[in-house]
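Trainee: starting from these lines, generate the structure:
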Amino acid sequence: MTTLTMKFGGTSVGSPEAFAQAANIVLEQAQKWDHLVVVVSAMSGVTDALIRGALTAASGDGQTYHAIATDLRACHYRAVDTLLEPDGERSSLLAVVDEYLDGFAAFCHSVHILGEVTPRAMDAISSLGERISARILAAVLRQQGAHSEAVDATELIVTDDTFQNAAPLLEATRARVSARLAPLLDEGIIPVVTGFIGATEDGVTTTLGRGGSDYTAAILGDCLDADEVWTWTDVDGVMTADPRIVPDARVIPVLSYSEVGELAYFGAKVLHPRTIRPVIERGIPLWVKNTFNPTCPGTRIVHEPESAPSTVKAVTAIKGLSMVTVEGRGMMGVPGIAARTFSAVAGRGASVLMIVQASSEQSICFIIPTEAVPPVIRAIEEEMALELGRGDIDRVWSLDDVVIVTAVGAGMRGTPGIAARIFGALGRGNINIIAIAQGSSECSISLVVMADDAADAVRQIHSEVILNAGPET
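Mentor: Below you'll find the model as predicted:
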């Protein structure tokens with residue numbers, strides 16, 4: 001028996017037309033696979049709106065969440081009215097929409113009275129979008145003659161109680177999936193499962209954090225021993241660069257798990273590595289495909305990089321950053337300076353994206369989001385007050401408006417001359433490099449450039465190092 005798990009992201013169910021296209025894809029694949037499980041996100045923008053309603057209510061605003069509920073009602077009504085026949089499930093589905101959005105307003109009213117929104121309450125609120133979209137898609141499939149049933153993942157995915165970023169408990173989840181989904185599949189029913197959400201063993205709703213719907217699909221693929229997992233989005237696959245910056249960017253046919261991790265870390269909007277680990281470690285093929293161009297093969301994600309003549313596969317950029325420098329000749333040979341520096345940074349909750357230290361130990365440079373700079377510099381100055389006072393450290397300062405440009409490709413490992421080609425491309429583009437870092441995995445090289453040079457840097461590397469790399473992977 002063959003089993004396929006498919007996930008549709010927010011843009012893939014972001015409009016009545018997108019819902020209809022997703023349904024067509026499901027019906028087509030249902031003819032080709034013995035068992036088919038569908039995971040669905042909320043309509044694009046809905047989860048953000050739900051969260052905004054909760055946050056504004058907690059801040060004392062008693063009006064915004066009502067306006068959000070009205071907007072969301074209109075959005076979902078439009079989808080239901082467009083997709084479902086009046087003499088079918090339309091009226092009952094509109095009642096379901098009302099039930100969930102009335103629940104949203106009630107949650108927000110409670111939050112408004114209390115003046116705070118707990119992580120547990122936020123999970124309950126932010127999970128409502130998936131619950132609605134799963135029921136819409138299942139109804140559309142039934143209208144077209146398929147046997148389909150919406151299933152809340154709270155019945156399937158058992159998690160710990162780390163609200164907002166819950167971790168699945170796989171043994172308990174596997175038992176629930178076997179008990180709840182297997183009978184449906186054996187009866188030829190297509191389950192439409194809510195992405196992003198789960199529940200504690202006591203049944204309290206949780207959410208899976210960033211990339212949660214991908215995580216849901218991967219977990220179900222693992223638990224069902226699926227033959228393949230497909231994630232549907234609004235692009236043809238993972239691209240060699242952001243096509244808004246590089247018009248001739250193209251789809252990458254095959255990417256390894258490590259390459260996906262590097263791309264996700266360095267700002268590319270691809271699968272979050274944590275969310276796909278269950279299927280990658282099981283060796284289950286994972287594909288990224290385009291809902292609106294389903295004949296395009298897409299990108300296949302594999303566990304280990306495949307041998308290929310190409311080296312750099314993609315180039316990406318993270319904006320909105322600053323480079324903080326701690327410098328002083330008195331730092332040379334003094335143990336613990338780096339540890340104390342990054343302890344101070346961690347104390348402010350700042351995310352460090354890249355670190356560079358000269359072998360002379362006269363400076364430490366690191367890249368953080370610009371909004372974190374003032375508190376981080378204050379924290380370092382407080383930690384190093386003694387060293388600053390006696391002149392061991394000259395100053396702690398920041399260079400703002402910098403961008404990390406990263407070239408990614410497992411083929412770079414052990415291939416001589418890649419760095420030279422990258423630096424040569426930037427040199428020919430008259431682009432100044434401020435800092436350089438290469439991870440020990442040799443899967444990426446990161447360069448810091450000024451924001452004004454970032455787009456040109458991405459285009460230069462893409463043109464000279466990716467497009468002219470030789471045969472396709």
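
Trainee: where along the stretch 151-300 of the chain do the helices fall?
Mentor: 170-186, 212-223, 257-265, 273-282 (DSSP state H, counting those that start in this stretch).

Trainee: buried residues, the helix or strand that contains residue 94. List them.
Mentor: Using DSSP states H and E, residue 94 sits within helix 90-114. Of the residues in helix 90-114, 90, 93-94, 96-97, 100-101, 104-105, 107-108, 111-112 count as buried by neighbour count, 16 or more other C-beta atoms under 10 Å. Every C-beta, even on glycine, is put in place using the N, C-alpha and C of the backbone.

Trainee: closest to residue 377 out of those?
Mentor: residue 111 (35.0 Å; C-beta to C-beta).

Trainee: before we move on, the earlier item: so for residue 12, which of the helices of the stretch 151-300 of the chain sits nearest?
Mentor: Of all these, helix 212-223 comes closest under C-beta to C-beta, at 10.1 Å.

Trainee: what's the closest one packed up against?
Mentor: Contact here means 3 or more C-beta pairs under 8 Å, 6 or more residues apart in numbering; DSSP states H and E; on that basis helix 212-223 packs against strand 3-8, strand 35-40, helix 170-186, strand 190-194, strand 197-200, strand 228-233, helix 273-282.

Trainee: quick one, domains of the protein?
Mentor: Domain assignment for the chain by automatic domain parsing gives 3-234, 314-467.

Trainee: what are the ranges of the strands in the stretch 351-473 of the chain?
Mentor: All strands of the stretch 351-473 of the chain, identified by DSSP state E, counting those that start in this stretch, fall at 354-357, 363-369, 395-408, 435-438, 444-450.

Trainee: can you redo those as a markdown table with distance to residue 272 and mean neighbour count?
Mentor: Output for those, formatted as a markdown table (distance: least, C-beta to C-beta, whole Å; neighbours: other C-beta atoms under 10 Å):
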| stretch | distance to residue 272 | mean neighbour count |
| --- | --- | --- |
| strand 354-357 | 19 | 17 |
| strand 363-369 | 18 | 20 |
| strand 395-408 | 15 | 20 |
| strand 435-438 | 22 | 17 |
| strand 444-450 | 16 | 23 |
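
Trainee: adding distance to residue 210 and mean pLDDT, write those out as JSON lines.
Mentor: Below are the strands of the stretch 351-473 of the chain laid out as JSON lines (distance: least, C-beta to C-beta, whole Å; pLDDT from 0 to 100):
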{"stretch": "strand 354-357", "distance to residue 210": "20", "mean pLDDT": "88"}
{"stretch": "strand 363-369", "distance to residue 210": "16", "mean pLDDT": "94"}
{"stretch": "strand 395-408", "distance to residue 210": "19", "mean pLDDT": "95"}
{"stretch": "strand 435-438", "distance to residue 210": "24", "mean pLDDT": "87"}
{"stretch": "strand 444-450", "distance to residue 210": "20", "mean pLDDT": "93"}
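
Trainee: adding distance to residue 55, write those strands out as TSV.
Mentor: TSV is the format used below for these (distance: least, C-beta to C-beta, whole Å):
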stretch	distance to residue 55
strand 354-357	31
strand 363-369	20
strand 395-408	28
strand 435-438	36
strand 444-450	33
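
Trainee: which one, of the ones you listed, ends up nearest to residue 256?
Mentor: The nearest among the strands of the stretch 351-473 of the chain, by C-beta to C-beta, is strand 395-408 at 10.1 Å.

Trainee: now do the contacts for the residue lying closest to residue 293 once chain neighbours are set aside.
Mentor: Closest residue to residue 293 apart from its sequence neighbours, by C-beta to C-beta, 6 or more residues apart in numbering: residue 236 at 5.8 Å. Each residue near residue 236 by C-beta atoms under 8 Å, 6 or more residues apart in numbering is listed here: 251, 289, 290, 293, 296, 298.

Trainee: list the contacts of stretch 336-351.
Mentor: So stretch 336-351 is contacted by 326, 331, 352, 357, 361, 364, 366, 368-369, 372, 375-376, 379-380, 382-384, 387, 393 (C-beta under 8 Å, 6+ apart).

Trainee: return the most buried member of the domains of the chain.
Mentor: The highest mean neighbour count among those, using mean count of other C-beta atoms under 10 Å, belongs to domain 3-234: a mean of 20.

Trainee: any idea how far apart the tips of that domain sit?
Mentor: 24 Å (C-alpha to C-alpha, to the nearest Å).

Trainee: what does stretch 229-245 give?
Mentor: 30 Å.

Trainee: my guess is residue 159 meets residue 202, correct?
Mentor: No. At 10.9 Å, residue 159 does not count as touching residue 202 under the criterion of C-beta atoms under 8 Å.

Trainee: residue contacts, residue 423?
Mentor: Residue 423 neighbours (C-beta under 8 Å, 6+ apart): residue 433.

Trainee: what is the orientation angle of the lowest-mean-pLDDT helix or strand in the chain with strand 395-408?
Mentor: Within the chain, no helix or strand scores below helix 257-265, which has a mean of 85 by mean pLDDT, DSSP states H and E. Helix 257-265 and strand 395-408 are oriented at 130 degrees to each other (axes from the mean of the first three to the mean of the last three C-alpha atoms, to 10 degrees).

Trainee: what lies in contact with helix 257-265?
Mentor: Residues outside helix 257-265 that contact it (C-beta under 8 Å, 6+ apart) are 238, 255, 270-273, 276-277, 280, 301-305, 313-314, 316, 353, 406, 408-410, 439, 441, 443-444.

Trainee: residue ranges in this structure under the pLDDT threshold?
Mentor: 306-310, 358-361, 413-414, 439-442, 469-473 (pLDDT under 70).

Trainee: hmm, back to that, nearest to residue 182 among the buried residues of helix 90-114?
Mentor: The closest of those, once distances to residue 182 are taken by C-beta to C-beta, is residue 96, at 25.9 Å.

Trainee: can I assume that closest one is in contact with residue 128?
Mentor: No. With contact defined as C-beta under 8 Å, residue 96 and residue 128 do not form a contacting pair (11.1 Å).

Trainee: sorry, back to before: distance to residue 423 added to the helices of the stretch 151-300 of the chain, as JSON lines?
Mentor: Below are those laid out as JSON lines (distance: least, C-beta to C-beta, whole Å):
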{"stretch": "helix 170-186", "distance to residue 423": "45"}
{"stretch": "helix 212-223", "distance to residue 423": "35"}
{"stretch": "helix 257-265", "distance to residue 423": "19"}
{"stretch": "helix 273-282", "distance to residue 423": "28"}
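
Trainee: distance of residue 219 from residue 323?
Mentor: Separation of residue 219 from residue 323 (C-beta to C-beta, to the nearest Å) stands at 39 Å.
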